[in-house]
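J.: sequence first, predicted coordinates after that:
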Amino acid sequence: MEQNWISRLKSGDPSALPDIMQSCTGYVYTILQNISRNQLSKKDLEKLTADVFIQLWRSRERLCEDMSLSPYLAAITRNCAKNRFRSMGKHPPIRQSIEDLMLSDPTDLCQDAEQHEALAG
């Protein structure tokens, strides 16, 4: 089913985003909780969760249909969290160095999404 999500997004299917939100909100919220390390309120986490899906919709043309949606969501989630911390004048409590990324668990979706982002950018 997830394979179909990217093609639906890219084609501008208006029902794609609600379907993705229904299935992936918990995934995004959990990533935000882990990234924030209890430094963001529940209200902030809920707003950021919505922001992730808005950003996903806005960047839908750049998605690669050969990829899973999870790494894209993880990267967007991480970037939204970093931007929120910056807007608060705080340093995000997220791994920052390339050494940390290289030493992290290879199954880490954030790392996978960052590597994909770096290759695509």
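T.: Okay, I see it. Numbers count the residues shown, from 1 in each chain.

J.: can you report how many residues lie near I76?
T.: For I76, the neighbour count with other Cβ atoms under 10 Å is 22. To be clear about C-beta, it is placed using only N, CA and C from the backbone, and glycine gets the same treatment.

J.: tell me who's in contact with it.
T.: 52, 55-56, 59 (Cβ atoms under 8 Å, 6 or more residues apart in numbering).

J.: buried ones in the host helix or strand of R78?
T.: Using DSSP states H and E, R78 sits in helix 69-87. For helix 69-87, the neighbour count (16 or more other Cβ atoms under 10 Å) marks 69, 71-82, 84-85 as buried.

J.: from the contacts of I76, which ones fall inside helices?
T.: Applying DSSP state H to these, the entries found in helices are 52, 55-56.

J.: which secondary structure state does G12 sit in?
T.: Put simply, G12 is coil when judged by DSSP: H, G, I helix; E, B strand; the rest coil.

J.: tell me how far it lies from R60.
T.: Here G12 is placed at a distance of 8 Å from R60 (Cβ to Cβ, to the nearest Å).

J.: between these two, which is the more surrounded one?
T.: Neighbours were counted for G12 and for R60 using other Cβ under 10 Å; R60 has more, 18 against 10.

J.: list the contacts of that one.
T.: 9-10, 12.

J.: which secondary element of this structure has the worst mean pLDDT?
T.: Ranked by mean pLDDT, DSSP states H and E, the weakest helix or strand in the chain is helix 98-103, scoring a mean of 40.

J.: returning to that earlier point: any chance of the contacts of I76 in TSV, with pLDDT too?
T.: TSV is the format used below for the contacts of I76 (pLDDT from 0 to 100):
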residue	pLDDT
V52	97
Q55	96
L56	96
S59	94
